[in-house]
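Asks: What shape does this take:
(3 chains)
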Amino acid sequence: MSRLNARQQEAVRYIDGPLLVLAGAGSGKTSVITRKIAYLVEECGIRAAHIAAVTFTNKAAREMKERVGKLIKGSQARGLTVSTFHNLGLNIIRQEHKTLGFKAGFSIFDSEDAKALIRDIVLKEYAEEGDEINDLQMRLSNWKNDLLDPHYVLSHAQDEEEARAARVYELYNRYLRAYNAVDFDDLILLPVKLYREHPEILEKWQQKIRYLLVDEYQDTNMAQYELVQQLVGSHARFTVVGDDDQSIYAWRGARPENLARLMDDFPRLRLIKLEQNYRSTSRILRAANTLIANNPHVFDKALWSEYGLGEEIRVIRTRNEDAEAERVATEIIDQKLKRKADFKDFAVLYRGNHQSRLLEMKLQQYQIPYHLSGGTSFFARHEIKDAMAYLRLLVNPDDDAAFLRIINVPRREIGPATLEKLGQYATQRDISLYRACQELGAEQYLGEKALERLRRFCSWLQDTARRCHEDDAVRTLKQLFTDIDYEDWLHQTSNSPVQAERRMNNIWYLVDSLQRMLEQDKGTADEIGVEDAISRLILRDMMEQREEEDDSDKVHLLTLHASKGLEFPHVFIMGLEEELLPHRNSIETDQIEEERRLMYVGITRAQRTLTLTYAGERKQYGEKIESTPSRFLDELPQDDLIWEGVGPSDPIANKMKGKATMASLMNLLKNE
DNA sequence: TCCTTTCGTATTTTT
DNA sequence: TACGAAAGGA
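Replies: Numbers count the residues shown, from 1 in each chain, chains lettered A, B, ... in the order given. Reported below is the predicted structural model:
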């Protein structure tokens, strides 16, 4: 406790009612949460099993668990819940699946699966091309996040387009039910609905979770807000931590106003602000504060630190995006030597993933090691999707999406014609494709040969599922991929033997991860079954996959979004141009404030130095476009900036010897 | 079923 | 421009 400042201690000690901790960037919010958990257990005598801490990412949950583990003894930590929102929801659904009308072993559709299902529905029901699949998926997701059901949406539809989307929504939900499956949004939505309709079940959960802590509260959506509200009940024993200035996920349903809404819903709410920053120099914080002051605020907040003024913030202008990337690369080499820093002390942040390409080329040229976060996810890979489909089907035979994905992978000579007939039969009997295969009576639809192939597949699958439970699960899974000659299939379908090998290794990595999960808590109360392990895989809760990589000495390349929660001694932010940062779409849709917060997040990642770059012209879609420096540059405290680089082509600004942009001049005039 | 060509699109991303 | 997806042809 003595290692916390006065405000932090106050936040830890206040346990009798609802508490909102407004924690600025780098103010030690995770310390507050972890130490509070320890305090609740050790000082207040609350059993760990009655405490739940909720985060948004697996990584955050893992870190929190680790840090709590260091603070309290293992025996006292028993039963403590530290999980993501989605994982908590999954646990609730799993325990109450009967009431919700799901069979054990239900599947979880990831967003790719969901998109494929939507595409199928549009194609099948409307026989139209699917150009608006992404739009539809977004709409459905938003509706689910807002707790709106298809019936409501349909009756309130503003136009025909929306009504059509609502009908897709209804069908989509029906298909999911038929497949005995839920999607990511359902993991939150279904518990909320369940609690609404069954107060006795809610009460049971309230008995279990007597103290709730939520991290990154500004990122909660409507459904998550209600889930929290339900769980804490009238006792309202909770601590939520958040920062409205770091809300950068509104575009996927986050409602930063949930912070302010707490004051209305819980009049007794205690508010504690953490403004002391333990990360950056004063100059960097002044820049952050000045920038974010341009946003309207419900809660005023100003970061400060004791780390001294620090160096000026450099703003570098280059001729074009090529020169920009080159400059960043040479700067890194230069700074590394000057400051005797490691490569891993540097991070380069940018708005869009594509911005990393040029930079990567330059870094390779200069032989600078780098680590790129983002990119194609492990789970987006073909072979992993195939493998996951097999796993899903083993656990949930009704998962038609999984069935269709792998029925002919590898080749089993079961083509579209056979599947269509099987589908007809299944629809007519209102059963899944798998069960249709097993049933007699499909003969009238299908030829003897096709029927035989389907039956053989089914009995093989059934046998594998049985062995999975009775025998050693991991061994059975390994056998599965041998059974189907998957390696052979990969060699047939890959471009090179090397690629095929890499893909097969991905499969074994997946099986390994599963094995590790199963063995992790073997013999303890936390021991999990194959079903749970598969769910965790779908929820991307994989272990320290690239822990070794992270330790290595590499420059970090990441998007501004991906940088949230991280910190680096030396930070570069690239592409400070209108239409890029702020992004064009955000300008058009009047969402500058979120872009500003994004910039704020970027600035506050820096511990010691911050360098901002922009290019005078940039190729966009093949055309050279002259770019305007970002308005955010004008919103920074000009005294803290040093301008460098080739002079702007703007003659007036040129006369200023690059000390200010035209826009900042205008700003000065306006403010006078 | 596979290969070529054309087309269309172009933020941010976790679960 | 540059990529992936879909469509069309052998």
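Asks: Just the pLDDT for whichever residue of the stretch 201-350 of chain A sits closest to DNA strand B.
Replies: Of all residues in the stretch 201-350 of chain A, A:Trp251 sits closest to DNA strand B, at 4.2 Å by C-beta to the nearest atom of the strand. All C-beta atoms are positioned from the backbone trio N, CA, C, and that covers glycine. pLDDT for A:Trp251: 89.
Asks: Would you mind giving the secondary structure of it?
Replies: helix (DSSP: H, G, I helix; E, B strand; the rest coil).
Asks: Verify the contact between it and A:Leu598 for me.
Replies: No - using C-beta atoms under 8 Å as the test, A:Trp251 is too far from A:Leu598 to be in contact (10.7 Å).
Asks: So which of these two has more stuff around it?
Replies: A:Leu598 (26 against 13; other C-beta atoms under 10 Å).
Asks: could you measure the closest residue to DNA strand C within chain A against A:Asn495, distance?
Replies: Taking C-beta to the nearest atom of the strand as the measure, the point where chain A comes nearest DNA strand C is A:Gly622, at 3.0 Å. According to C-beta to C-beta, to the nearest Å, A:Gly622 and A:Asn495 sit 28 Å apart.
Asks: on that earlier part again, excluding its backbone neighbours, what's nearest the residue of the stretch 201-350 of chain A closest to DNA strand B?
Replies: A:Glu594 (7.4 Å; C-beta to C-beta, 6 or more residues apart in numbering).
Asks: likewise A:Ile333?
Replies: A:Tyr366 (6.1 Å).
Asks: contacting residues for the one you found?
Replies: Residues in contact with A:Tyr366, defined by C-beta atoms under 8 Å, 6 or more residues apart in numbering, are A:329-330, A:333.
Asks: switch to 10 Å and redo it
Replies: A:326, A:329-330, A:332-333 (C-beta atoms under 10 Å, 6 or more residues apart in numbering).
Asks: And A:Val228, by the same measure?
Replies: So A:Val228 contacts A:54, A:85, A:192, A:212, A:214, A:217, A:220, A:238, A:240, A:258, A:262 (C-beta under 10 Å, 6+ apart).
Asks: Also near DNA strand B: which of those, exactly?
Replies: Filtering those for proximity to DNA strand B by C-beta under 7 Å from any atom of the strand leaves nothing.
Asks: From the residues you listed, which land in strands?
Replies: Using DSSP state E, the members of the contacts of A:Val228 that fall in strands are A:54, A:212, A:214, A:238, A:240.
Asks: what's the neighbour count on A:Lys421?
Replies: A:Lys421 has 17 nearby residues by other C-beta under 10 Å.
Asks: Check whether it really touches A:Gly447, as I assumed.
Replies: Yes - counting by C-beta atoms under 10 Å, A:Gly447 is a contact partner of A:Lys421 at 9.2 Å.
Asks: Extract the C-alpha trace of stretch A:560-580 and format it as PDB.
Replies: The C-alpha coordinates for stretch A:560-580 follow below in PDB (Å, rounded to 0.1, in the frame of the first residue of the first chain):
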ATOM      1  CA  LEU A 560      -2.200   3.700 -32.900                       C
ATOM      2  CA  HIS A 561      -5.100   1.500 -31.800                       C
ATOM      3  CA  ALA A 562      -2.800  -1.400 -31.000                       C
ATOM      4  CA  SER A 563      -0.600   0.800 -29.000                       C
ATOM      5  CA  LYS A 564      -3.100   1.400 -26.200                       C
ATOM      6  CA  GLY A 565      -1.900   0.300 -22.900                       C
ATOM      7  CA  LEU A 566       1.800   0.100 -24.000                       C
ATOM      8  CA  GLU A 567       4.700   2.400 -23.400                       C
ATOM      9  CA  PHE A 568       8.100   3.000 -25.000                       C
ATOM     10  CA  PRO A 569      11.000   5.300 -24.300                       C
ATOM     11  CA  HIS A 570      11.000   6.700 -27.800                       C
ATOM     12  CA  VAL A 571       7.900   7.000 -29.900                       C
ATOM     13  CA  PHE A 572       7.500   8.100 -33.600                       C
ATOM     14  CA  ILE A 573       4.100   8.800 -35.000                       C
ATOM     15  CA  MET A 574       3.900   8.900 -38.700                       C
ATOM     16  CA  GLY A 575       1.600  10.400 -41.200                       C
ATOM     17  CA  LEU A 576       0.400  13.500 -39.400                       C
ATOM     18  CA  GLU A 577      -1.700  14.700 -42.300                       C
ATOM     19  CA  GLU A 578      -5.200  15.700 -42.800                       C
ATOM     20  CA  GLU A 579      -7.200  12.800 -44.300                       C
ATOM     21  CA  LEU A 580      -4.800  10.300 -42.700                       C
END
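Asks: pLDDT on that stretch, on average?
Replies: For stretch A:560-580, the per-residue pLDDT averages 94.
Asks: pLDDT wise, what is the residue lying closest to A:Ala23 once chain neighbours are set aside at?
Replies: With sequence-adjacent residues excluded and distances taken as C-beta to C-beta, 6+ apart, A:Ala23 is closest to A:Lys29, at 3.6 Å. pLDDT for A:Lys29: 92.
Asks: In terms of helix, strand or coil, where does A:Leu20 fall?
Replies: Under three-state DSSP, A:Leu20 comes out as strand.
Asks: sorry, back to before: which of the ones in strands among the contacts of A:Val228 has the most neighbours?
Replies: A:Val54 (30 neighbours).
Asks: That one and A:Leu88: what is the separation?
Replies: In terms of C-beta to C-beta, A:Val54 sits 6 Å off from A:Leu88.
Asks: just A:Leu100 next, same as before
Replies: Relative to A:Leu88, and taking C-beta to C-beta, A:Leu100 is found at 15 Å.
Asks: Which of those two has more residues huddled nearby?
Replies: A:Leu88 (26 against 20).
Asks: Which element is encountered next along the chain beyond the helix or strand hosting the more buried one?
Replies: A:Leu88 is part of helix A:85-95 when elements are defined by DSSP states H and E. Counting by DSSP H and E, the element after helix A:85-95 in chain order, helix or strand, is helix A:97-100.
Asks: on contacts alone, who are the packing partners of that next one?
Replies: Here helix A:97-100 touches helix A:85-95, helix A:186-197, going by 3 or more C-beta pairs under 10 Å, 6 or more residues apart in numbering; DSSP states H and E.
Asks: Send over stretch A:480-492 as PDB, restricted to the C-alpha atoms.
Replies: Provided in PDB are the C-alpha atoms of stretch A:480-492 (Å, rounded to 0.1, in the frame of the first residue of the first chain):
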ATOM      1  CA  LEU A 480      -7.600 -37.300 -36.600                       C
ATOM      2  CA  PHE A 481      -5.200 -35.300 -38.800                       C
ATOM      3  CA  THR A 482      -3.400 -38.400 -39.800                       C
ATOM      4  CA  ASP A 483      -6.600 -40.200 -40.600                       C
ATOM      5  CA  ILE A 484      -7.600 -37.500 -43.100                       C
ATOM      6  CA  ASP A 485      -4.200 -37.300 -44.600                       C
ATOM      7  CA  TYR A 486      -4.200 -33.600 -44.000                       C
ATOM      8  CA  GLU A 487      -0.600 -33.200 -44.600                       C
ATOM      9  CA  ASP A 488      -1.000 -34.700 -48.000                       C
ATOM     10  CA  TRP A 489      -3.900 -32.300 -48.700                       C
ATOM     11  CA  LEU A 490      -1.800 -29.400 -47.700                       C
ATOM     12  CA  HIS A 491       0.900 -30.400 -50.200                       C
ATOM     13  CA  GLN A 492      -1.700 -30.600 -52.900                       C
END
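Asks: Having no further points to raise, I will conclude here.
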